[in-house]
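Asks: model this:
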Amino acid sequence: MADDPLPILPEVRLVKPGETHRLCRCGHSAEMPNCTPDCQQSLELRPEREQRLLLCRCSRSANLPYCDGSHSPPATGLADKWRRFFSGR
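Replies: Numbers count the residues shown, from 1 in each chain. Next comes the predicted model:
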């Protein structure tokens, strides 16, 4: 259990009106969740209100650039679910 690699957790980002964010939707960016200016698949986000976004950093989400929890393997039993709940993983 001590040798388990730590998951790459999502980024919680506060976005505000007037800002522009280029977010990765292809999962190939080295700077997840940010995207390079030359990528054709990037999402250019210009928020209209202040809000927090949960952004994927592991590239496994089916809903890029947003996190869908894919970074965390499913807990198979009740003991695993409780362990995950109390350890925060």
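
Asks: From residue 82, how far off is residue 56?
Replies: Noted for residue 56: a distance of 26 Å to residue 82, by CB to CB, to the nearest Å. No exception for glycine: its C-beta is placed from N, CA and C like everyone else's.

Asks: Please say which of these two ends up with more neighbours.
Replies: Set side by side, residue 56 and residue 82 show more neighbours around residue 56, with 27 against 11, by other CB atoms under 10 Å.

Asks: Looks like the more buried one contacts residue 68 (just checking).
Replies: Yes - Residue 56 is within contact range of residue 68, at 7.5 Å (criterion: CB atoms under 8 Å).

Asks: Can you find the helix or strand of this structure with the lowest average pLDDT?
Replies: Here the helix or strand of the chain ranked lowest by mean pLDDT, DSSP states H and E is helix 78-87, holding a mean of 71.

Asks: Pull the contacting residues for residue 39.
Replies: Residue 39 sits next to 22, 24, 26, 28-29 when contact means CB atoms under 8 Å, 6 or more residues apart in numbering.

Asks: Just say helix, strand or coil for it.
Replies: Three-state call for residue 39 (DSSP: H, G, I helix; E, B strand; the rest coil): coil.

Asks: Show me the strands in this protein, by range?
Replies: 11-15, 21-23, 43-45, 51-55 (DSSP state E).

Asks: Give me the nearest residue to the most centrally placed residue in the chain, chain neighbours excluded.
Replies: Nearest to the geometric centre of the chain sits residue 56, at 1.5 Å (CA atoms, centre = their mean). In this structure, residue 56 finds its nearest non-sequential neighbour in residue 67, 4.5 Å apart by CB to CB, 6 or more residues apart in numbering.

Asks: shouldn't that neighbour be in contact with residue 55?
Replies: Yes - using CB under 8 Å, residue 67 is in contact with residue 55, at 6.3 Å.

Asks: okay, and the common contacts of the two?
Replies: Residues touching both residue 67 and residue 55 by CB under 8 Å, 6+ apart: residue 10.

Asks: Just give the closest residue to residue 61, not the sequence neighbours.
Replies: Residue 61 sits nearest to residue 68 (CB to CB, 6+ apart), 4.6 Å away.
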